[in-house]
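Engineer: 3D model of this:
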Amino acid sequence: MSSAWRIVEDDLSGAAIRALLERHFAGMLANSPAGSCHFLDFEGLKGPGVTFWSIHAEGDLAGCGALKMLDARHGEIKSMRTADAFLRRGVAARMLDHIMAEAKDRGIERLSLETGSGMAFEPAHALYRRHGFEDCAPFADYTSDPFSRFMTRRL
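Structural biologist: Now for the predicted structure:
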């Protein structure tokens, strides 16, 4: 990773990260029915078994992502979001690489995610496919939903 990029564990207290997450929540609700949105709110992102990171470029907030432990060998990617000013600059790929490396370090063998299924989510689907994720059945407490796409990969 270039020295210009910095990924840090984030306590969600800063105004910039809170604004980015508010934008993330609004984007999810704008593209899927509320009952089909499975994002973690601020308290959920601070919950047990969840680690949240922010990524910065030259001091500016560029994006975020989280890892939720489902059990000792299975983790879930949560809250991946790139700040608008940093779109198409590799932020999401850097964060995904970081989450995957952290998951491996923790002994996680499978990493999964749930995301939306509409056109607005196609860039995310393409990113995950490039990183070896494949479509899968619902996992953990999720159920089949036409507005959700489930993906997974072995580490």
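
Engineer: pLDDT wise, what is the closest residue to residue 85 other than its chain neighbours at?
Structural biologist: Excluding the flanking residues, the one nearest residue 85 by Cβ to Cβ, 6 or more residues apart in numbering is residue 60, at 7.4 Å. In this view, the C-beta of every residue, glycine as well, is placed from N, C-alpha and C. Here, the pLDDT recorded for residue 60 equals 96.

Engineer: residue 104 versus residue 60, what's the distance?
Structural biologist: 28 Å (Cβ to Cβ, to the nearest Å).

Engineer: ok so, going back, for the residue nearest to residue 85, list each beta-bridge partner.
Structural biologist: Residue 60 has these beta-bridge partners by DSSP bridges: residue 57.

Engineer: show me what contacts it?
Structural biologist: 83, 85-86 (Cβ atoms under 8 Å, 6 or more residues apart in numbering).

Engineer: residue contacts, the closest residue to residue 135 other than its chain neighbours?
Structural biologist: Nearest residue to residue 135, sequence neighbours excluded (Cβ to Cβ, 6+ apart): residue 151, at 5.8 Å. Residues in contact with residue 151, defined by Cβ under 8 Å, 6+ apart, are 112-113, 115, 125, 128-129, 133-136.
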